Each structure stands twice: as structure tokens, then as C-alpha cells.
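Colleague: need a structure here:
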Amino acid sequence: MVYRPMYVDRIMAYVDTPFVKVLTGVRRCGKSTILKMIMEKLRVEGNIPDDRIISRRYDSMEYADMTAKQMYAELKQLLSPTDRTYLFLDEVQEIKGWERVVNSLASNHNVDLYVTGSNSRMMSSEISTYLTGRYVTFRIYTLSFAEYLKFKEVYSSVADPRTELAEYVRLGGFPATHLRKYSQDEIYTIVRDIYNSTIFADIVRRNQVRKIDQLERVVKFTFNNVGNTFSAKSISDYLKSENRKIDNETVYSYLEKLEKAYLLHRCSRYDIQGKELLKTQEKFYLADTSLRYSVLGYNADTVAASLENIVYLELCRRGYTVHIGKTNDGEIDFIGTRQNEKLYAQVTQEVRSEKAEKREYHRLLEIHDNYPKYVLRADEFAGGNYEGIKTMHIADFLLSSEY
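Modeller: This next block holds a predicted model:
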């Protein structure tokens, strides 16, 4: 296992607190492995014996017909009669009524609870009802660029970060695809399986979606338009032009389901001058860039959008709430806010003219505050700062500890 301190250290801070630790994220992003890392830390650093560390994975066929009552009875029987028991319940959403089981265990027994899940039932109103004020959530993402380099150096030589960035864009960051050297086709096969299992298990089967072809067309539209603002009406109009009739409400419903399965991230626009969130023309980013290429095929023309996707995910990993900034005459790619901190970022694959360069900086110069402002590029450039705006290579930004 390649250690992932970004998550493990954050979760370990809540060991032996009364909060249920809830890990969520897209399928195969590494939630189960992170649980194993926490268990190992408890054994080695906490001197917790094996019989007080109980682990169950509920997407196994072994638990296919298990009821909540049976789940509770089995776990209760395994608890230590004298000391605290550490319970690790993986893919717990597969058991209907799991929230009541977790609440009963947390309320009535000396336990420290960790649960994972890959769909919206982990964030449903039922959790809020049963576990009000008693749980903390941790969103787990696919590998960051820094983690990707760490994984890769285990089985291969690593080039300089700027060269490696191109590979990271193309191959993505699902941990399972970087445990050894795979070809691009092998990686896309693995990712396509993750995509298919998410679509059919977490969306189609769970929501009883009948028009699967319609859903997949909406998926392909969003995958094709990463980094572009669009609305449900845009998708509806596009499908109508292909003689595929679909109403706006159905499109909204599909987009919501894709979000709840953690395949998509919705990024709203924020009016910088009016200081309000805008409810139209949002952008959507993917849980991992490899999803797009595994489903639609690799296309070099989409790299600019994928770079934007990668920067968006990195800001989310670091705890920023991210919006698109609307200015008087254009957009700022990202505004990231984290408690009392804020930053602005423009992301571009390359700047081909002096006019284009001025445009990137001009939008940031319109913002008159003292928060950090960045122009992030993937091409070669000279200089670092321009009137207080820092120019960085995207690879350097992703590896930086300054924000």
C-alpha cells in the first residue's frame, strides 16, 4: 500500500472521538485502502489488538441478503465486553437501514466507527436524521498529482513533473490503475469498468432508470463539455437536434444522479461584483480525467479542459469551496474559498499571443483585493509575477504547498 497522508492523518485526528467517520467518493478512489491504513495505524501506533478491530465489506456476496437487524446482531456479538471496539464498515450503503444500525452502535456501545460509501445514500437526509451532529464526512478523491508521482515511483522511473503532467492528464488518478505499469488501453479498460459499474449499479439499478440510452447520451454530452458552461436546456436542445426528445426536468434528474454517484462535480458561477451565486450556466467537472478518455477516447484537443478539471479537483482536495467567477466582461476560471482564505486562478494550456496573455491577466486585474491571484500555464514562459499576479506552471502549482 502506498500511504496517503492527506486523508489518513486528517481522519486519525478523530480517532476515539464520539463522531462516526464517514468516507465518501467515487467507486475505486481508494476508500477501502484508506480504512486498511487506519486499521494498521491503530495496531502499530495505538497497540490495539486484532480482536478489537472489526472490518466488514458489505458489497460482498456474503452479505447480499443481510437485513439491518441481522447486521446489528452480528456486529453487537463481536464487540469487546470490556474495551472499545473499532468498527470499519465498508460500502455500508448496501444494507438498507444501515443508518439505524450505526446510530444504535454509536449510541449504546463503546465503539469507534468508520464507514464508507460510493453513492448519495451516504449523504441522504436519513443520515442527518439518525446521526445529527454525530458524524464527520471526508470526501476521498482519486490520486492527486503528488500522489500519482508517489505511486509511479514504486514501479517505474519518474520524469520531471512537467513531463509527467501530460501522462497524469491522459491516464488519470484511479489508484488501481497505478499499482503497476499498465498500458493506456489497459488503464482505460479498468476505468471503463469503474464507469459501467457506477452507471448500472449506483444509478440505473438503484433509481430504476428505464431509458438507459437517454442517460448515456446525457453523460456523453457532459463528458464532452467539461469546462464549458451549459444548462439542462442546452442538453435538451442538443438531443432534440439528434431527434432524441427529452425534457429539461429529466436532464436535471440525470445530472443530479451523476453527481450523487460522485462521477460529476457541479461548479456554480459567482458574480464577483454583485457578490451572489448564479443559478444558471454552471460547469461540470469529472471525478477523474480518465473517465472522459475511457468512454469517449483520447483526444489531444481536450487537454485544455482536462487541465482545468485537474486544478478544480486539487482545490477541492485542499478544502476549498470552488466557484467560477463572473466579471463584467468575462470569467475567472476559479475562485477558491477556505474559511478566511481566498484565491483566484486562471488556467490555460498555452498562451499563443500577447493579446491572449493580456486577456488572462486583465480579468484578474479587475479584482481589487489582496488575495492571491494565479495564471496557471502548461507551456514554457518567462517571468513570474505581473502586477502582483503570480504565473506558475500547472505542475508546480499542483505540487506547491503555498496555498
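Colleague: Select the longest strand from the chain.
Modeller: Determined from DSSP state E, the single longest strand within the chain is strand 276-286.
Colleague: Check which helices and strands that strand sits against.
Modeller: For strand 276-286, the packing partners by 3 or more C-beta pairs under 8 Å, 6 or more residues apart in numbering; DSSP states H and E come out as strand 264-271, helix 303-317, strand 321-326. Every C-beta, even on glycine, is put in place using the N, C-alpha and C of the backbone.
Colleague: Can you list the buried residues in the first one?
Modeller: Of all the residues in strand 264-271, those buried under the rule 16 or more other C-beta atoms under 10 Å are Leu264, His265, Cys267, Arg269, Tyr270.
Colleague: How about the contacts made by Gln349?
Modeller: Shown in contact with Gln349 (C-beta atoms under 8 Å, 6 or more residues apart in numbering): Val303, Ala304, Leu307, Arg377, Ala378, Asp379.
Colleague: one step back: between the helices and strands packed on strand 276-286, which one is closest to Val20.
Modeller: Using C-beta to C-beta as the measure, helix 303-317 is the one of the helices and strands packed on strand 276-286 that comes nearest Val20, at 22.3 Å.
Colleague: before we move on, back to that, okay, buried residues for the longest strand of the chain please.
Modeller: Glu282, Lys283, Phe284, Tyr285, Leu286.
Colleague: Go through the buried residues of strand 264-271 and say which is closest to Thr142.
Modeller: Closest to Thr142 out of those is His265 (12.0 Å), distances taken as C-beta to C-beta.
Colleague: Low-confidence bits of this protein, can you list those?
Modeller: Residue ranges of the chain with pLDDT under 70: 120-121, 123-126, 383.
Colleague: relative to strand 276-286, how tilted is the next helix-or-strand element following the longest strand of the chain?
Modeller: Following strand 276-286 in sequence order, the next helix or strand is helix 289-296 (DSSP states H and E). Angle of helix 289-296 versus strand 276-286, following axes from the mean of the first three to the mean of the last three C-alpha atoms, to 10 degrees, is 60 degrees.
Colleague: closest to Val2 out of the helices and strands packed on strand 276-286?
Modeller: When the helices and strands packed on strand 276-286 are ranked by proximity to Val2 (C-beta to C-beta), helix 303-317 comes first, at 16.2 Å.
Colleague: Would you mind getting the angle between the closest one and strand 321-326?
Modeller: If you take the same axes, to 10 degrees, helix 303-317 sits at 130 degrees to strand 321-326.
Colleague: Just list what helix 303-317 packs against, helices and strands only.
Modeller: In terms of contacts (3+ C-beta pairs under 8 Å, 6+ apart), helix 303-317 is packed against helix 161-171, strand 264-271, strand 276-286, helix 289-296, strand 321-326, strand 331-338, strand 341-348, helix 394-399.
Colleague: what's the most buried one of the ones you listed?
Modeller: Compared across those, helix 289-296 shows the largest average neighbour count, a mean of 23 (mean count of other C-beta atoms under 10 Å).
Colleague: from the chain's centre, how far out does that helix sit?
Modeller: Here helix 289-296 is found 15 Å from its chain centre; the criterion is C-alpha atoms, centre = their mean, to the nearest Å.
Colleague: Run the chain-centre distance for stretch 59-76.
Modeller: The answer for stretch 59-76 is 28 Å, by C-alpha atoms, centre = their mean.
Colleague: So for it, what gets flagged as buried?
Modeller: Residues Asp59, Tyr63, Met66, Ala68, Met71, Tyr72, Leu75 are the ones in stretch 59-76 that count as buried (16+ other C-beta under 10 Å).
Colleague: tell me the contacts of the spatially closest residue to the first one that is not a sequence neighbour?
Modeller: The one in question is Asp59. Sequence neighbours aside, Glu91 is the residue nearest to Asp59 in space, at 4.1 Å (criterion: C-beta to C-beta, 6 or more residues apart in numbering). Shown in contact with Glu91 (C-beta under 8 Å, 6+ apart): Ser32, Arg57, Tyr58, Asp59, Thr116, Gly117, Ser118.
Colleague: do the same with Pro49
Modeller: Arg43.
Colleague: Quick check on it: phi, psi?
Modeller: With angles defined as degrees, to the nearest 10, Pro49 shows backbone torsions of phi -70, psi 160.
Colleague: how close does it sit to Leu42?
Modeller: 10 Å (C-beta to C-beta, to the nearest Å).
Colleague: what does Asp51 give?
Modeller: 12 Å.
Colleague: For those two, indicate the residue with more neighbours.
Modeller: Leu42 (21 against 10; other C-beta atoms under 10 Å).
Colleague: my read: that one touches Ile54, true?
Modeller: No: look at Leu42 against Ile54 with C-beta atoms under 8 Å: they stay out of range, at 11.5 Å.
Colleague: any shared contact partners between those two?
Modeller: Jointly contacting Leu42 and Ile54 under the rule C-beta under 8 Å, 6+ apart are Tyr86.
Colleague: So what pairs up with the residue lying closest to Thr222 once chain neighbours are set aside in the strands?
Modeller: Nearest non-adjacent residue to Thr222, counting by C-beta to C-beta, 6+ apart: Phe284, 5.2 Å away. Note on Phe284: beta-bridge partners Arg266, judged by DSSP bridges.
Colleague: contacting residues around Phe284?
Modeller: Taking C-beta under 8 Å, 6+ apart, we find Phe284 in contact with Thr222, Asn225, Val226, Leu255, Leu264, His265, Arg266, Cys267.
Colleague: Roughly how far does the residue lying closest to Ile140 once chain neighbours are set aside sit from Asn207?
Modeller: Using C-beta to C-beta, 6+ apart and skipping residues adjacent in sequence, the residue nearest Ile140 is Gly25, 3.7 Å away. As for Gly25, its distance to Asn207 is 19 Å (criterion: C-beta to C-beta).
Colleague: Ok, Ile310 next?
Modeller: Using C-beta to C-beta, Ile310 is found at 29 Å from Asn207.
Colleague: the more surrounded of those two?
Modeller: The neighbour comparison of Ile310 against Asn207 (other C-beta under 10 Å) goes to Ile310, with 27 against 17.
Colleague: Asn370: neighbour count?
Modeller: Around Asn370 there are 7 other residues, counting by other C-beta under 10 Å.
Colleague: all strands in the chain, in order from the N-terminus.
Modeller: Assigned by DSSP E, the chain shows strands spanning 20-24, 53-57, 85-90, 111-117, 135-139, 264-271, 276-286, 321-326, 331-338, 341-348, 373-377, 385-386, 389-393.
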